[in-house]
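Colleague: coordinates only, sequence not included:
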């Protein structure tokens, strides 16, 4: 068994939230390709979708070391073109729009359904980034407040999808209580709506992996929660206002999601990783459109920032069971 496969089989100490797997899935599965090439020529390991069923803290740390470039910041010229001048103003505008959105109630026995378009890196471990084909991912997140081993379900379809058409569980080796790793509507509604109090709570909840700053861990955590959950408007607004208080957040005037929609983006430059995430919002409605993920890795010949993943939120709804496709999307 290869080192990467051993990591996959390690019992999970904690599960990474969905979007955090963007940082790790590329390296992990490319390493499996690399390790098995010598003994299984011609085979192509299936790369996971954004949601990987099991991940341990040790796995996260190991992968992070691979992505890091000796702790250095991204190469010169790779930073966003815009400054941080308007980030706080933009995030507070987004918060105001979120506060004005319609409230949606979610029962404990229901599921939050999110359908996205995705493009992920399918390049080799030692080579440059090569984005795969655009495909669809559907996720059903359980709202059960009790500790559960299956926190949700995932189905992918289209070229470069993993196990296309199959509905598979997102599970942990141990029961997961509601919280950052199992964000139910009830738990999100219980969070403070004062942005300073919420930010203090998020600093306690976030779990930085090796080499990651606490600010970046909180930024990533907020991105995970706003992108895959339904919550009361006041809580959504508080998340954006809390993000506005993070040092180093920046606004990018024009960004494009996986569906080709142009919007305005919020990002935080990470001085410890060779990666960067963007949250993309509609310029008029300020609704969340999607995200982009960038990587810099001189050891792989990626000396300037390269797009390594992109997504677009196409539909969000509340349904009564896993696998159920909503008749009508919830407005975002």
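Modeller: Everything's here; your move. Predicted model, so just to flag it, every value in this text is computed and none were measured. Numbering: from 1, shown residues only.

Colleague: now do residue 226 against residue 188, distance only.
Modeller: As judged by CB to CB, to the nearest Å, residue 226 and residue 188 stand 10 Å apart. Every C-beta, even on glycine, is put in place using the N, C-alpha and C of the backbone.

Colleague: out of those two, which sits in the more crowded spot?
Modeller: Taking residue 226 and residue 188 together and counting by other CB atoms under 10 Å, residue 226 has the greater number of neighbours (22 against 19).

Colleague: tell me which element the residue nearest to the more buried one when sequence neighbours are not counted falls in.
Modeller: With sequence-adjacent residues excluded and distances taken as CB to CB, 6 or more residues apart in numbering, residue 226 is closest to residue 239, at 5.7 Å. Take DSSP states H and E as the rule and residue 239 turns out to sit in helix 233-244.

Colleague: now do the very next helix or strand once past that helix: which elements does it pack against?
Modeller: Using DSSP H and E, the helix or strand that follows helix 233-244 in sequence is strand 249-256. Taking 3 or more CB pairs under 8 Å, 6 or more residues apart in numbering; DSSP states H and E as contact, the helices and strands that strand 249-256 lies on are helix 87-99, strand 262-268, strand 275-281.

Colleague: contacts for the last one?
Modeller: For strand 275-281, the surrounding residues in contact (CB atoms under 8 Å, 6 or more residues apart in numbering) are 19, 22-23, 67, 74, 80, 94, 219-220, 223, 226-227, 252, 255-257, 261, 263-270, 287-296, 305, 308.

Colleague: got it, and the first one?
Modeller: When contacts are defined by CB under 8 Å, 6+ apart, helix 87-99 is touched by residues 233-234, 236-238, 240-241, 243-245, 249-251, 264, 266, 281, 285-287.

Colleague: what about the host helix or strand of residue 201, distance to the chain center?
Modeller: In the assignment (DSSP H and E), residue 201 maps to helix 195-205. Relative to the mean C-alpha coordinate of its chain, helix 195-205 is positioned 19 Å out (CA atoms, centre = their mean, to the nearest Å).

Colleague: sketch out the low-pLDDT regions of the chain for me.
Modeller: Within the chain, the ranges that satisfy pLDDT under 70 run 1-85, 271-272, 328-332.

Colleague: and the helices in the protein?
Modeller: 3-9, 21-36, 57-67, 87-99, 185-189, 195-205, 214-228, 233-244 (DSSP state H).

Colleague: can you lay out the helices and strands packed on strand 249-256 as CSV showing mean neighbour count?
Modeller: Rendered in CSV, the data for those read as follows (neighbours: other CB atoms under 10 Å):
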stretch, mean neighbour count
helix 87-99, 19
strand 262-268, 23
strand 275-281, 25
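
Colleague: residue 158: which of those is closest?
Modeller: Distances from residue 158 to each of the helices and strands packed on strand 249-256 were compared using CB to CB; the shortest belongs to strand 275-281, at 20.9 Å.

Colleague: show me what the closest one pairs with in its sheet, parallel or antiparallel.
Modeller: In its sheet, strand 275-281 lies beside strand 262-268 (antiparallel), strand 288-297 (antiparallel), with partners assigned from DSSP bridges.

Colleague: closest one to residue 104 among these?
Modeller: Comparison of the strands paired with strand 275-281 against residue 104 by CB to CB identifies strand 288-297 as nearest, at 14.5 Å.

Colleague: buried set for that closest one?
Modeller: In terms of neighbour count (16 or more other CB atoms under 10 Å), strand 288-297 has its buried residues at 288-297.

Colleague: and for stretch 255-262?
Modeller: Buried, per 16+ other CB under 10 Å, within stretch 255-262: 255-258.

Colleague: for those, which one is nearest residue 316?
Modeller: The shortest gap between residue 316 and any of the buried residues of stretch 255-262 belongs to residue 257, at 14.4 Å (CB to CB).

Colleague: hang on, the closest one packs against residue 312?
Modeller: Yes: using CB atoms under 8 Å, residue 257 is in contact with residue 312, at 4.1 Å.

Colleague: who touches both of these two?
Modeller: Overlap between the neighbourhoods of residue 257 and residue 312 consists of 117, 289-290, taking contacts as CB under 8 Å, 6+ apart.

Colleague: what would those look like in CSV with distance to residue 102?
Modeller: Written out in CSV, the entries for the shared contacts of residue 257 and residue 312 read as follows (distance: CB to CB, whole Å):
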residue, distance to residue 102
117, 24
289, 18
290, 21
